[in-house]
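Undergrad: I need the structure of the sequence given here:
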Amino acid sequence: DGIYNDNGFIELKKDIKNLRATTKNIKSVTLGINLNSRFEASEIGVVSINSKAFTKSGIIDNFHDKIVTKEGIKQDNKWNGDYKFTTFDVGDSNTVTTGGTGSFSGMMAARANPVMAVSMANVSNDIQSREVTKYMDKITNRLLVTIVKKLRSVLTKYVTITITDITDLIPEFLYYIRWAEYIEALIEQGNVFNKAKVVGEGDECFMDAKGLYNLKLASFQTEEHENIVTNDLDFTREHLVYILTGANRGGKTTITQAVGLLFVLAQGGIYVPCDDFIFAPVDNIYTHFPADEDKTMDLGRLGEECKRFKEIYERSTKQSLLLLNETFSTTSFEEGFYIAKDAVKAIIRKGVRTIYNTHMHKLAYDIDEINADFEYKAASLVVKSDGGNRSYKVEVAPPQGMSYAMDIAKKYGVTYDMLMELGK
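TA: Numbers count the residues shown, from 1 in each chain. Just a heads-up that it's a prediction; the model follows:
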């Protein structure tokens, strides 16, 4: 019913209506009977299919009237709109019966008597009734064939439309089938996937993810594959922009990618690698990752980064997601920090959900200064360490900075005291 009432089928509804009107208007069929010199029926056939019914009359009286009246015998067989007929009824007392038999194609058995031959049209014996029924069946079949042909002609015009619409969906069908097969295989390996839920209207910056992880960790056989670490993360007015810091290979880029993948999968109708995911959909996901050397020849690496960030910022809206990875880190710390601080302030003012993965710990230290006078807030997000060991867990906290570097230095024996011991 939904398809039938769709705008694409307006013409089809008109055609069906016209076709129904055509078939509904059939009220009678005119049969032509050719007579030989003895008034015997020699041929019978359909003269016309009519939109009005015949009027009743006695066949003998009508035949007599046509012969003796001034109207006389017609010189042609054209319809004049006043033909009459007699209904056949076995119980009718006026029905003429004889013991003769014969076929309807021969019309009569008593061929020697022309009057009897005409009267025999009223005979209702079983054989003649069957002959009439058979012939009317043939007429009905022809009518049905004609109607079916018209219906087929009407519907054929729309077959192409329907098939085209369905075939256009084949890539989408394959998309969901392949994803379903892929995720089913990962679930069998023990990975968790769940259906995402869209938050109600009124908070375009919201996201709440429990137990999220990067899909790539489940897809590839790596050292982390057997022991995937999950994290909880949200976007709110107090946590709209995250300044993500931590050690190299600590999982900063992995968590940044994981958040982007959650939105991509959820908005594509795919189950997400997460225990629970509630989100406000994004209109675009913008990424700013380091560019290849070949793409920075004209502007230099910093110039290219600034140009690309400006383009992304101009296009972004409150409904967007911005993922920055080591942005403005290709210059000195002082220059990069100055540009990054202004960029973060502009992002907060615009209200764009952002994860900024950076080694600029000072940017996270200055979070209170950056947040001043803004409705939305940025927060410091750190990858936790445990005595120099990677934990891959993130939490909202001040940057670890020098303390983490000291742990690493001690772990690998490169503190001043440790190096001095080597010289002894």
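Undergrad: Could you pull up the residues touching residue 203?
TA: Neighbour list for residue 203: residue 280 [criterion: Cβ atoms under 8 Å, 6 or more residues apart in numbering]. No exception for glycine: its C-beta is placed from N, CA and C like everyone else's.
Undergrad: change the start of the numbering to 552 and stick with it
TA: All set: I'll call the first residue 552, so the last point we hit is now residue 754.
Undergrad: Tell me how many other residues crowd residue 721.
TA: Neighbours of residue 721 under the rule other Cβ atoms under 10 Å: 9.
Undergrad: Distance-wise, check it relative to residue 853.
TA: Distance of residue 721 to residue 853, computed by Cβ to Cβ, to the nearest Å: 47 Å.
Undergrad: do residue 838 as well
TA: Distance of residue 838 to residue 853, given as Cβ to Cβ: 18 Å.
Undergrad: More neighbours: the two, which one.
TA: Remark: of residue 838 and residue 853, residue 853 carries more neighbours, 17 against 14, as counted by other Cβ under 10 Å.
Undergrad: Can you give the contact residues for stretch 929-944?
TA: Residues from elsewhere that reach stretch 929-944 (Cβ under 8 Å, 6+ apart): 775, 780, 782, 784, 789-798, 800-803, 805-806, 895, 899, 906, 915-916, 918, 921-922, 945-951, 955, 958-959, 961-962.
Undergrad: Among those, the buried ones, what's the PyMOL command?
TA: Of these, the buried ones can be selected in PyMOL as follows, counting by 16 or more other Cβ atoms under 10 Å:
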select buried, resi 775+780+782+784+790+791+792+793+794+795+796+797+798+801+802+803+805+806+895+899+906+915+918+921+922+945+950+951+955+958+959
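Undergrad: So residue 789 is in contact with residue 922, correct?
TA: No: using Cβ atoms under 8 Å, residue 789 is not in contact with residue 922; the gap is 9.3 Å.
Undergrad: Roughly how far does residue 819 sit from residue 767?
TA: 17 Å.
Undergrad: quick one: which of the two has more around it?
TA: Between residue 819 and residue 767, counting by other Cβ under 10 Å, residue 767 is the more crowded of the two (15 against 11).
Undergrad: My read is that the more buried one contacts residue 808, right?
TA: Yes: at 7.1 Å, residue 767 counts as touching residue 808 under the criterion of Cβ under 8 Å.
Undergrad: what's the domain layout of this protein?
TA: Domain assignment of the chain by automatic domain parsing yields the ranges 558-696, 743-973.
Undergrad: which stretch in those has the least confidence?
TA: Among those, domain 558-696 carries the lowest mean pLDDT, a mean of 56.
Undergrad: got the residue ranges for the helices in this structure?
TA: 561-575, 610-619, 665-670, 677-719, 721-739, 766-770, 803-818, 851-866, 884-901, 912-916, 918-922, 953-962, 967-973 (DSSP state H).
Undergrad: contacts for the last one?
TA: For helix 967-973, the surrounding residues in contact (Cβ under 8 Å, 6+ apart) are 960-961, 964.
Undergrad: picking up where we left off before, need the overlap of contacts for residue 789 and residue 922.
TA: Joint contacts of residue 789 and residue 922 (Cβ under 8 Å, 6+ apart) are residue 928.
Undergrad: what about residue 951, distance to residue 963?
TA: Separation of residue 951 from residue 963 (Cβ to Cβ): 17 Å.
Undergrad: That should have said residue 718, apologies.
TA: Taking Cβ to Cβ, one finds residue 718 at 61 Å from residue 963.
Undergrad: One more: residue 930?
TA: Using Cβ to Cβ, one obtains 31 Å as the distance from residue 930 to residue 963.
Undergrad: With residue 888 instead?
TA: According to Cβ to Cβ, residue 888 stands 27 Å off from residue 963.
Undergrad: Compare neighbour counts for those two and give me the winner.
TA: More neighbours surround residue 888 than the other of residue 888 and residue 963, with 19 against 10 (other Cβ under 10 Å).
Undergrad: Just give the closest residue to that one, not the sequence neighbours.
TA: Excluding the flanking residues, the one nearest residue 888 by Cβ to Cβ, 6 or more residues apart in numbering is residue 911, at 5.4 Å.
Undergrad: Surely that neighbour touches residue 886?
TA: No: counting by Cβ under 8 Å, residue 911 stays clear of residue 886, with 11.1 Å between them.
Undergrad: The two: who's more crowded?
TA: Using other Cβ under 10 Å as the criterion, residue 911 and residue 886 rank with residue 911 on top: 21 against 12.
Undergrad: Dihedrals phi and psi, that one?
TA: For residue 911, the backbone dihedrals (degrees, to the nearest 10) come out as phi -80, psi 80.
Undergrad: Please tell me how far it sits from residue 801.
TA: Distance of residue 911 to residue 801, given as Cβ to Cβ: 15 Å.
Undergrad: Equivalent analysis for residue 871, please.
TA: According to Cβ to Cβ, residue 871 and residue 801 sit 27 Å apart.
Undergrad: Stretch 835-851 spans what distance, first to last residue?
TA: 27 Å (Cα to Cα, to the nearest Å).
Undergrad: Stretch 864-875 too?
TA: Stretch 864-875 end-to-end distance (Cα to Cα) = 11 Å.
Undergrad: Can you list the buried residues in that stretch?
TA: By neighbour count on 16+ other Cβ under 10 Å, the buried set for stretch 864-875 is 864, 867, 871-875.
Undergrad: Just those residues: which are in strands?
TA: Members of the buried residues of stretch 864-875 lying in strands (criterion: DSSP state E): 872-875.
Undergrad: and these as CSV, adding distance to residue 742?
TA: Listed next are these as CSV, based on distance: Cβ to Cβ, whole Å:
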residue, distance to residue 742
872, 24
873, 28
874, 23
875, 28
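Undergrad: out of the residues you listed, what pair is the most spread apart?
TA: Farthest-apart pair in those is 872 and 875; separation 10.9 Å (Cβ to Cβ).
Undergrad: Overlap in contacts, these two.
TA: Counting by Cβ under 8 Å, 6+ apart, the residues touching both residue 872 and residue 875 are residue 905.
Undergrad: Please report the distance of residue 728 from residue 941.
TA: Residue 728 sits 37 Å away from residue 941, going by Cβ to Cβ.
Undergrad: what about the two, which has more around it?
TA: Comparing residue 728 with residue 941 by neighbour count (other Cβ under 10 Å), the higher total belongs to residue 941, at 17 against 10.
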